Each structure stands twice: as structure tokens, then as C-alpha cells.
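>>> Let me see the structure of the following:
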Amino acid sequence: MIRSILAASLVLMAVAAPALAQPKPDPDWPCAQRKVSTLGYGSFWTGPDLAAAGEWGNDREAAQFARKLASRRTELNDVDGLIDDFTKDIKDKDEKDKRLTRVFAGVFEVLNGERNTVVAGIVRYAQGQQRLAQRIRDEADKIGDSREGPVEDAAKTATKEGKDLENAFNWDRRIFEERNHSVTYVCEVPTLLEQRLGEIARKLQAKL
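Okay, the predicted model is just below:
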């Protein structure tokens with residue numbers, strides 16, 4: 001029993017998060033993907049200047065359309081048709097370009113804001129896993145010390161206090177492992193948002 005507890009503790013030390021196993025610039029970043037705290041629109045947009053197009057939030061229709069495109073409920077396959085519907089009554093090319101630029105500015109702000117929230121959540125997730133891993137190691141040490149100590153200490157493991165400690169250890173370890181298994185999916189979310197932003201930007205620019 002002692003060996004299994006100590007072995008589990010060592011495993012937790014190794015897999016608390018990828019950031020713990022492989023030192024990275026940010027110890028609170030558990031993802032294999034490089035951490036980019038926030039995005040710059042220049043990585044996605046080579047069209048007209050956003051500032052020159054005017055504030056996207058002041059164009060009610062462009063703002064509503066931007067939020068619709070940004071929503072993951074909107075299929076990317078439908079975006080081309082939606083853009084055509086949005087621009088079908090705009091005859092002046094300069095006006096069309098400005099409005100599509102405002103749409104991109106809105107999509108960028110919405111998706112970048114969503115992505116920033118996800119990145120901050122991943123950091124909190126990793127910090128929580130680190131704290132939980134430390135608690136599990138502490139629990140394992142207490143159980144190991146009580147079993148390897150004097151007879152009167154070893155006898156405590158049969159008491160309610162000792163059983164409660166082992167139950168807490170097993171429960172915390174189970175929670176840790178379940179959360180650790182989901183980290184791969186969590187880490188993919190920022191990349192998926194970036195890909196969506198890039199694809200929408202490409203489709204908007206194709207209509208300029």
C-alpha cells in the first residue's frame with residue numbers, strides 16, 4: 001500500500017501538467033501549443049485599414065453581421081453566401097470595402113476576446129492542477145509517514161482519521177486524473193478560434 005501511494009505521488013509530480021514535466025517560459029501554460037496571449041489583426045488581415053473604415057460598433061448592421069459570423073453556430077460553409085447577402089445592395093465599391101472591413105474588425109474583436117477568455121481560463125486550470133497535485137503529494141506523504149512511523153502512528157491508519165485521509169487522497173487523485181485527461185481538448189480551443197478567424201478573414205477579403 002505504501003509503495004502504491006508513493007508511486008502514485010511520483011506519477012502526479014511527473015504529469016501535473018506538461019508545463020511541469022517540460023520547463024517552458026510560462027510555467028502556468030500546460031499546452032503543447034505555444035502561448036500567444038492575444039492576437040494582432042495584421043496576422044489575418046491585409047485589406048483596407050481598420051481605423052480608416054470607421055468604428056465597427058457604430059455600424060449597427062455590420063456589428064450584427066460580425067457577431068453572426070463570429071458565432072460558432074454559423075457554419076463556415078455558409079459564410080460566403082451570407083457575405084453576398086450582406087453586400088448585395090451596396091453599389092459603391094469603396095463603401096462595400098469599408099463595410100466589409102468593419103465586419104472583419106467586429107469578428108476580430110469578438111473572437112479575440114473569446115480567445116483571451118479561454119487562454120486566461122487555461123492558465124487558471126493549470127494553476128489549479130498544480131495546487132491539487134501538491135495537495136495529493138502532501139496527503140501521500142502523511143499516509144506514508146504514518147505507516148512507516150512508530151507502532152502507535154501506524155495504528156492511526158485504522159482509525160476514522162486515517163481512513164478519511166486515504167479517502168481524500170483517492171478522491172483528489174481521481175479528480176486530478178480526470179482533469180488532466182481533458183487538458184488536450186482545452187488546449188485546442190484557442191487554435192480553433194484562430195482558425196475560424198483566419199477563414200472568415202480570408203472569405204471577407206475575397207469579396208473586396
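>>> drop to CA atoms for contacts and neighbour counts, all remaining ones
Noted.
>>> Tell me the spacing between the nearest residue to residue 173 once chain neighbours are set aside and residue 64.
Excluding the flanking residues, the one nearest residue 173 by Cα to Cα, 6 or more residues apart in numbering is residue 136, at 6.6 Å. Using Cα to Cα, to the nearest Å, we find residue 136 at a distance of 48 Å from residue 64.
>>> between these two, which one's more packed in?
Neighbour totals were compared for residue 136 and residue 64, and residue 136 leads with 24 against 16 (other Cα atoms under 10 Å).
>>> Pull up the gap between the more buried one and residue 95, please.
Distance, residue 136 to residue 95, by Cα to Cα: 61 Å.
>>> so who does the residue positioned nearest the centre of the chain touch?
Nearest to the mean C-alpha position of the chain, by Cα atoms, centre = their mean, lies residue 118 at 4.0 Å. When contacts are counted by Cα atoms under 8 Å, 6 or more residues apart in numbering, residue 118 touches 189, 190.
>>> Tell me where the model's unsure across the chain.
1-25, 146-158, 160 (pLDDT under 70).
>>> That one: strands as residue ranges?
For the chain, applying DSSP state E gives no strands.
>>> ranges for the helices of it?
Assigned by DSSP state H, the helices in the chain fall at 2-15, 18-21, 50-53, 60-70, 79-87, 93-148, 151-156, 160-206.
>>> Same list (these) but as JSON lines, adding distance to residue 32.
Converted to JSON lines, these look like this (distance: least, Cα to Cα, whole Å):
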{"stretch": "helix 2-15", "distance to residue 32": "13"}
{"stretch": "helix 18-21", "distance to residue 32": "7"}
{"stretch": "helix 50-53", "distance to residue 32": "33"}
{"stretch": "helix 60-70", "distance to residue 32": "26"}
{"stretch": "helix 79-87", "distance to residue 32": "31"}
{"stretch": "helix 93-148", "distance to residue 32": "12"}
{"stretch": "helix 151-156", "distance to residue 32": "43"}
{"stretch": "helix 160-206", "distance to residue 32": "8"}
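>>> Residue 38: which of those is closest?
helix 93-148 (6.2 Å; Cα to Cα).
>>> now the closest one, how far from the centre of its chain.
4 Å (Cα atoms, centre = their mean, to the nearest Å).
>>> can you give me the angle that helix makes with helix 79-87?
Helix 93-148 and helix 79-87 are oriented at 140 degrees to each other (axes from the mean of the first three to the mean of the last three Cα atoms, to 10 degrees).
>>> Hey, what's the angle from helix 93-148 to helix 60-70? Just curious.
Angle, helix 93-148 to helix 60-70, by the same axes, to 10 degrees: 40 degrees.
>>> quick one: helix 93-148 to helix 160-206, angle?
Helix 93-148 runs at 160 degrees relative to helix 160-206, counting by the same axes, to 10 degrees.
>>> Tabulate the CA atom coordinates of stretch 74-92 in PDB.
C-alpha atoms of stretch 74-92 as PDB (Å, rounded to 0.1, in the frame of the first residue of the first chain):
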ATOM      1  CA  THR A  74     -22.700  29.800 -38.000                       C
ATOM      2  CA  GLU A  75     -21.200  27.200 -40.300                       C
ATOM      3  CA  LEU A  76     -18.100  28.300 -42.200                       C
ATOM      4  CA  ASN A  77     -19.600  26.800 -45.400                       C
ATOM      5  CA  ASP A  78     -22.400  29.300 -45.100                       C
ATOM      6  CA  VAL A  79     -20.200  32.400 -44.800                       C
ATOM      7  CA  ASP A  80     -19.700  33.100 -48.500                       C
ATOM      8  CA  GLY A  81     -23.400  33.200 -49.100                       C
ATOM      9  CA  LEU A  82     -24.000  35.400 -46.000                       C
ATOM     10  CA  ILE A  83     -21.400  37.900 -47.200                       C
ATOM     11  CA  ASP A  84     -23.100  38.100 -50.600                       C
ATOM     12  CA  ASP A  85     -26.400  38.700 -48.900                       C
ATOM     13  CA  PHE A  86     -24.900  41.400 -46.700                       C
ATOM     14  CA  THR A  87     -23.300  43.300 -49.700                       C
ATOM     15  CA  LYS A  88     -25.900  42.700 -52.400                       C
ATOM     16  CA  ASP A  89     -27.500  46.200 -52.100                       C
ATOM     17  CA  ILE A  90     -24.200  48.100 -51.700                       C
ATOM     18  CA  LYS A  91     -23.400  49.600 -55.100                       C
ATOM     19  CA  ASP A  92     -20.400  51.700 -54.300                       C
END
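>>> All set now, cheers.
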